[in-house]
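>>> turn this into a structure:
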Amino acid sequence: MDAGLLRWGRAAARRTRLPVFWLFTDTQRLADPRAAASRLPRGLAGVVLRHDDHPERAALGRDLARICRARRLALVVAGDVRLAAALGAGVHLREGRWPGVLRSRGLNTSSAHAVPALRRARGNGVALVFLSPAFPTASHPGEPALGACRWAALASGAGLPVAALGGIAGATVRRLPRRCAGVGAIGALA
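Numbers count the residues shown, from 1 in each chain. Alright, predicted model coming up:
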């Protein structure tokens with residue numbers, strides 16, 4: 001992790017009780033996230049387990065849950081309430097939508113790309129929403145990004161803590177408003 005991003009995170013952590021760094025797992029860009037999770041700053045970070053199509057997702061989840069407990073990291077599971085419950089983790093909603101009728105009482109997060117998803121996330125009681133893509137990102141090359149000004153405008157009306165996802169690095173995070181509750185990344189945290 002670059003020094004600028006780490007400095008930002010330590011300052012942001014003084015303003016919130018939520019983790020400020022969130023490693024997003026990705027089967028293409030980070031096939032095995034265990035080592036990256038093991039390097040995350042203790043007590044300042046969380047992991048969003050995606051790896052939806054991974055044949056050993058549950059085993060990977062168990063390994064990440066052990067790492068997270070040992071390092072005081074949060075863990076949320078994307079789109080799978082049952083796996084989240086088995087791991088003692090929260091759930092990561094997609095676009096503010098619960099993946100079924102089951103609910104989780106843990107630390108729950110959501111993705112959002114526009115105002116309707118921010119509203120759904122708030123209505124569904126998530127603790128933190130990841131608004132993306134804040135900046136151009138390697139995960140979606142060529143796709144338009146929100147940019148710092150549009151990201152800030154959308155986040156200011158969300159009514160809940162908003163973290164930035166997409167194109168996060170020490171140089172880009174400084175462009176975000178002070179109220180940014182955290183950042184999610186793959187490459188910057190791997």
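>>> which stretch of helix or strand covers His51?
Secondary structure assignment for His51, by DSSP states H and E: no helix or strand.
>>> Ile67 too?
helix 57-71.
>>> for that helix, buried residues please.
Arg57, Leu60, Gly61, Leu64, Ala65, Ile67, Cys68, Arg71 (16 or more other CB atoms under 10 Å). Heads up, the C-betas are built off the backbone N, CA and C, glycines and all.
>>> ok, so of the residues you listed, who is nearest Arg39?
Within the buried residues of helix 57-71, the smallest distance to Arg39 is 9.1 Å, found for Arg71 (CB to CB).
>>> how near is that closest one to Ser110?
24 Å (CB to CB, to the nearest Å).
>>> how about Thr137?
In this view, Thr137 and Ser110 are 18 Å apart by CB to CB.
>>> quick one, which of those two is more surrounded?
The neighbour count for Thr137 versus Ser110, taken as other CB atoms under 10 Å, is higher for Ser110 (28 against 18).
>>> test my guess that that one contacts Val126.
Yes: between Ser110 and Val126 there is a contact at 4.5 Å, judged by CB atoms under 8 Å.
>>> overlap in contacts of the two?
Common contacts of Ser110 and Val126 (CB atoms under 8 Å, 6 or more residues apart in numbering): Leu93, Gly96.
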